[in-house]
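# Show me how the following folds:
(2 chains)
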2 protein chains.
Amino acid sequence: MKQHTKARILQIGAEIIHRKGFNNTGIQEILNRAEVPKGSFYNYFGSKEDFGLQIIDYFTAQFKAINSNFLEDSSLPAIERIRRILESFKEVFRANDFSCGCPIGNLSQEMGDLSPAFRAKLKEAMDDMVGMYAGLIREAQKSGDISQVVDPEDVAYFIVSSWHGALIRMKIVKGPEPLENHIRFIFGSVLKA
Amino acid sequence: MKQHTKARILQIGAEIIHRKGFNNTGIQEILNRAEVPKGSFYNYFGSKEDFGLQIIDYFTAQFKAINSNFLEDSSLPAIERIRRILESFKEVFRANDFSCGCPIGNLSQEMGDLSPAFRAKLKEAMDDMVGMYAGLIREAQKSGDISQVVDPEDVAYFIVSSWHGALIRMKIVKGPEPLENHIRFIFGSVLKA
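Down below sits the predicted model:
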């Protein structure tokens, strides 16, 4: 029962913070939506910052769950799985009016200068994403679809970072063009080299 | 005298918003630092949103002023001027402990979903940046340093977006590596194609 309440606070908190940002979201707003009394928040979370750090873990788990299908689908070449991951995110954003963006990118932008604890946790979360792409790039190198000359981590960092930038522009143009532009250059130039 | 007060509010507001974000910055905090009484804020700005929109114009003017030296330096090939612009921003960020990032990217991320007025103004500001790079790319195509096949606007959008993403990661690693990674891929793959 306790776990259930905590999970609900995290889920609703993640949703609101994804849309409005961390500093712009009040604990009270989350608890109202979750129908949980304020006192019980502090049974689960030491502070708003502690809550924020647990939200990051929640987002990371969500990211892994979303991509597990593609990662485990050995019927597709690794380079095709990278494309499917990016294309499927594009469709998720289309279904959400090209809003919100990546919660890890958003929080990095918002909290990177403001909290060393957020910074450390977000670095971990981003390195997790990078690790996923680097693994796929290594596989694609083995099968000859990506040149051996390329450093997998280096390219993976570029894919993740430039995707975060594309999501920023998506939020102001409210269309798929920034994501399509990203996919075009990643596959047409960066992974081709 | 009036103009002087307004300019001071804009300058100090820009500084604080660049560091802390728009929603996380109170008008009172800006006025305290500017030593301006609260009442006079509304002589210059209709609302906090109106103030934010004028801050975007302030940032755009600043961006143009920073880059005008490079843009006008016809002694350097256009492709070299693109590199100098990015490298010089890297040094600006180094001098500021790799903090803050690009104010236009930050506000797009923070406000893109929350305010149509911000969205329109930020799109204008980002298109201005893109126009600067597209102009340099067109010049570099004329002199044969970049392939004619490339669409100048398309590449310019990718440069600006992926730079914004690199700045996000810079804020959590607190070092130059994300910006160096960006410059390496832009010149090693994207502009080489």
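# Tally up the residues packed near the spatially closest residue to A:R169 that is not a sequence neighbour, please.
On the basis of C-beta to C-beta, 6 or more residues apart in numbering or on different chains, the spatially nearest residue to A:R169 that is not a chain neighbour turns out to be A:P178, at 4.0 Å. C-betas here are computed from N, CA, C, even on glycine. For A:P178, the tally of surrounding residues (other C-beta atoms under 10 Å in any protein chain shown) stands at 26.
# Phi and psi next, for A:C102.
phi -90, psi 120 (degrees, to the nearest 10).
# So it versus chain B, what's the distance?
9 Å (C-beta to the nearest C-beta, to the nearest Å).
# in what helix or strand does the residue of chain A most remote from its centre lie?
Of all residues in chain A, A:G39 has its C-alpha farthest from the mean position, at 30.5 Å, by C-alpha atoms, centre = their mean. Using DSSP states H and E, A:G39 maps to helix A:38-44.
# quick one: average pLDDT of that helix?
Mean pLDDT, helix A:38-44: 92.
# Could you identify the helix or strand that succeeds it?
Later in the chain than helix A:38-44, the nearest helix or strand by DSSP H and E is helix A:48-72.
# Please pull up the helix or strand immediately following that next one.
helix A:78-95.
# returning to what we had before: which secondary structure elements does the helix holding A:G39 sit against?
helix A:2-20, helix A:27-34 (3 or more C-beta pairs under 8 Å, 6 or more residues apart in numbering or on different chains; DSSP states H and E).
# Tell me the buried residues in it?
By 16 or more other C-beta atoms under 10 Å in any protein chain shown, the buried positions in helix A:38-44 come out as A:F41, A:Y44.
# Also stretch A:112-124?
For stretch A:112-124, by 16+ other C-beta under 10 Å, it's A:G112, A:D113, A:L114, A:S115, A:F118, A:R119, A:K121, A:L122, A:K123.
# Leaving out sequence neighbours, find the closest residue to the last one.
Using C-beta to C-beta, 6+ apart and skipping the chain neighbours, the partner closest in space to A:K123 is B:I172 (4.9 Å).
# wait, doesn't the one you found sit right on A:P116?
No. Using C-beta atoms under 8 Å, B:I172 makes no contact with A:P116, being 10.1 Å away.
# Poorly predicted segments of chain A, please.
For chain A, applying pLDDT under 70 flags the ranges A:1-3, A:193.
# max-length helix in chain A?
Longest helix in chain A, counting residues (DSSP state H): helix A:116-142.
# Just the CA trace of the following helix or strand past that helix, in CSV.
Counting by DSSP H and E, the next helix or strand C-terminal to helix A:116-142 is helix A:152-173. Extracted in CSV, the C-alpha atoms of helix A:152-173 (Å, rounded to 0.1, in the frame of the first residue of the first chain):
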residue,chain,number,x,y,z
PRO,A,152,31.4,4.2,-30.5
GLU,A,153,31.2,6.3,-27.3
ASP,A,154,32.2,9.5,-29.1
VAL,A,155,29.5,9.0,-31.8
ALA,A,156,27.0,8.0,-29.1
TYR,A,157,27.6,11.2,-27.2
PHE,A,158,27.1,13.2,-30.3
ILE,A,159,23.8,11.3,-31.2
VAL,A,160,22.4,11.9,-27.7
SER,A,161,23.5,15.5,-27.4
SER,A,162,22.3,16.5,-30.9
TRP,A,163,19.0,14.8,-30.3
HIS,A,164,18.5,16.8,-27.1
GLY,A,165,19.1,20.0,-29.2
ALA,A,166,16.7,18.8,-31.9
LEU,A,167,14.1,18.3,-29.1
ILE,A,168,14.6,21.9,-28.0
ARG,A,169,13.8,23.2,-31.4
MET,A,170,10.9,20.8,-31.8
LYS,A,171,9.3,22.5,-28.8
ILE,A,172,9.2,25.9,-30.5
VAL,A,173,8.4,24.8,-34.1
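# Helix A:152-173 - contacts with which helices or strands?
helix A:78-95, helix A:103-111, helix A:116-142, helix A:177-185, helix B:103-111, helix B:116-142, helix B:152-173, helix B:177-185.
# Can you check what angle separates that helix from helix A:103-111?
80 degrees (axes from the mean of the first three to the mean of the last three C-alpha atoms, to 10 degrees).
# distance between helix A:152-173 and the chain's centre?
In terms of C-alpha atoms, centre = their mean, to the nearest Å, the centre of helix A:152-173 is found 11 Å from the chain centre.
# same deal with stretch A:80-100?
With C-alpha atoms, centre = their mean, you get 11 Å for stretch A:80-100.
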